[in-house]
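Student: Quick one: sequence and predicted model below, then my questions.
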Protein chains: 2
Amino acid sequence: MPTPIDTIEAVQDGLLAISNLKARKQHAVRGAIWEVATNLFAEKSFDETTVDDIAQAAGISPRSFFRYFASKGDLMAYALVSFGDQLIAAIEACPDSYQLNEVFREAVLNVVREAVTQPRTRKVFEILRVSPAAAASEMSRLLEVQGLIARAFGRRLSGGIDEDLTAGVLAGLTLQLAGMSVRWSFEHGKADVPATVDRLLGAMETAFCRKRRPFATGGRERSTPQERPR
Amino acid sequence: MPTPIDTIEAVQDGLLAISNLKARKQHAVRGAIWEVATNLFAEKSFDETTVDDIAQAAGISPRSFFRYFASKGDLMAYALVSFGDQLIAAIEACPDSYQLNEVFREAVLNVVREAVTQPRTRKVFEILRVSPAAAASEMSRLLEVQGLIARAFGRRLSGGIDEDLTAGVLAGLTLQLAGMSVRWSFEHGKADVPATVDRLLGAMETAFCRKRRPFATGGRERSTPQERPR
DNA sequence: AATATAGTTGGCACGTTGTGCCATTATCAA
DNA sequence: TTGATAATGGCACAACGTGCCAACTATATT
């Protein structure tokens, strides 16, 4: 099997169910490619690093590179996929007795707490910060990852109404808050993760729950948006 | 001025402050390119349509295409940028007396209500639905647009604490909910926009505000995430 | 009306990305 | 060892995106 990584399932298999030597070796090669690539991106830049550079540094042919990663940008998406994977695991690790908001907070908190301790994460976020192209590449798999996280939430919602809507918006929020928390922690010196996460949650509460006028479905008059003042 | 569209500011200028004939003509050309491109994407597919096809259909040279759009994928991002532009306008159109959650709901509601009536929007969402590459391309500008929306919210928050966090998460939610509402409306037959939006808002309320246990900063024990069952 | 000037366009060459194809090589089983 | 299976590397090729320059067009000047 020529193992091009097209789906997240394949990545998961690569990460988890490693039985035979071949798959293990492939996984090692993929990790090596990712390692040298992120190093090169950090040294030079994402744009100025060619696939040939990465292949040479990893000791493989340029042709083989595309058998491990679908594209150069997919190297960045790999970080996002891994991030989403951890979030899903954290969601599923929560006991069934948890309320939805508790699951949400626990998952974000645990993953972010783990992420900020790893130098690799810092390096990736630094690459994303300085290179718009790298950030754009990472975003390319956002919907995919979000869908998987939504399914993880959906498994906890069986029976309720508007399940997929709830799960979808929760998934988006999860990635949003987790990403913002990690970035905030890195950019603002010390990594007080719970404080950061709770500030974000507080911001949401401020926007939606305090001074709550319930969102009535029918009635309120709408303000016609006129063209902008400026 | 060779007018390559690199920044959203440039797009906004192109959309709004059209004073001289030259800029107006350029804007018309850009619109024509976008028109024929979306038609081609819908007929064939995003991947099977080359830049040469688009250029030929628009009556320009392939070289000139890149003077109006930075890339083929940027055609899809153009839709997102325009979407974000409308959201910002709707946010700024809300009276100052509005609470944050009212601003949020009004902006999403007005923009989505407008969007679902336009056949163009439907066509774009259909392209995005069937073509992962097109969807990925659109996502490439997500952070950019989200940042602009965050600034629009930030202007209403002057004085508060954690402004940028609140604005950032609100911006993410705005795009998230607006996009989901439009997609939901399109995929589930009739376009009862207020109902859809309020269902999404209700989902968030369910997840975060009802049965509210306030998010205490310090204390709760965390569940150590063990590896997944499967 | 003729000319200078500034900006747009199109063509060309080039580097990079990504893929299909096939011969070669390595790995595993019998 | 031998035979089957899969990974690898090399080649050719299409598409994307950019720098460069010559040709064209419209406006302004005299």
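Tutor: Now that the structure is in, tell me what you want to look at.
Student: Pull the distance from the strand or helix carrying A:V197 to the chain's centre.
Tutor: For A:V197, the element it lies in under DSSP states H and E is helix A:193-208. In terms of C-alpha atoms, centre = their mean, to the nearest Å, the centre of helix A:193-208 is set 19 Å apart from its chain centre.
Student: buried sites along that helix?
Tutor: Neighbour counts over helix A:193-208 (16 or more other C-beta atoms under 10 Å in any protein chain shown) mark A:193-194, A:196-208 as buried. All C-beta atoms are positioned from the backbone trio N, CA, C, and that covers glycine.
Student: who touches the helix or strand where A:A133 lies?
Tutor: Element membership of A:A133, judged by DSSP H and E, is helix A:132-139. Helix A:132-139 is contacted from outside by A:41, A:46-47, A:71-77, A:79-80, A:127-129, B:136, B:139-143, using C-beta atoms under 8 Å, 6 or more residues apart in numbering or on different chains.
Student: Would you list the phi and psi of A:F41?
Tutor: Note on A:F41: its backbone torsions stand at phi -60, psi -40 [degrees, to the nearest 10].
Student: Return the per-residue confidence for the most centrally placed residue in chain A.
Tutor: By C-alpha atoms, centre = their mean, the mean C-alpha position of chain A lies nearest to A:L80, the distance being 3.8 Å. Looking at A:L80, its pLDDT stands at 97.
Student: From A:L142, how far off is the spatially closest residue to A:A178 that is not a sequence neighbour?
Tutor: Distances taken as C-beta to C-beta, 6 or more residues apart in numbering or on different chains place A:V108 nearest to A:A178, at 4.9 Å, with adjacent residues excluded. A:V108 sits 16 Å away from A:L142, going by C-beta to C-beta, to the nearest Å.
Student: Between those two, point out the one with more neighbours.
Tutor: Ranked by neighbour count (other C-beta atoms under 10 Å in any protein chain shown), A:V108 and A:L142 place A:V108 first, with 28 against 20.
Student: unless I'm mixing things up, that one is touching A:S181, no?
Tutor: Yes. Here A:V108 lies in contact with A:S181, judged by C-beta atoms under 8 Å, at a distance of 6.7 Å.
Student: intersection of neighbour lists for those two?
Tutor: Contacts common to A:V108 and A:S181, judged by C-beta under 8 Å, 6+ apart, are A:V197.
Student: ok so, going back, tell me the one among the buried residues of helix A:193-208 nearest to DNA strand D.
Tutor: Nearest to DNA strand D, judged by C-beta to the nearest atom of the strand, of the buried residues of helix A:193-208 is A:L200 at 34.0 Å.
Student: What pLDDT does the model give the nearest residue to that closest one once chain neighbours are set aside?
Tutor: Once flanking residues are discounted, A:L200 sits nearest to A:L177: 5.1 Å by C-beta to C-beta, 6+ apart. Per-residue pLDDT puts A:L177 at 93.
Student: again with A:S158
Tutor: Looking at A:S158, its pLDDT is 77.
Student: returning to that earlier point: ChimeraX command to pick out the buried ones of the contacts of helix A:132-139?
Tutor: Buried subset of those, written as a ChimeraX selection, criterion 16+ other C-beta under 10 Å:
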select /A:41,46,72,73,74,75,76,77,79,80,127,128 /B:136,139,140,141,142,143
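Student: Give me the subset of the contacts of helix A:132-139 that also touch DNA strand C.
Tutor: Among these, proximity to DNA strand C is found for A:71-73 (C-beta under 7 Å from any atom of the strand).
Student: And these, which is closest to B:A23?
Tutor: A:G73 (33.2 Å; C-beta to C-beta).
Student: do you know how far the closest one is from B:T117?
Tutor: From A:G73 to B:T117 the distance is 35 Å (C-beta to C-beta).
Student: picking that back up, count the neighbours of the residue nearest to A:L200 for me.
Tutor: Neighbours of A:L177 (other C-beta under 10 Å): 26.
Student: Who are the contact partners of it?
Tutor: A:L177 neighbours (C-beta under 8 Å, 6+ apart): A:108, A:197, A:200-201, B:169.
Student: if I look at A:C94, how far off is B:L128?
Tutor: Using C-beta to C-beta, we find A:C94 at a distance of 33 Å from B:L128.
Student: likewise A:Q26?
Tutor: 33 Å.
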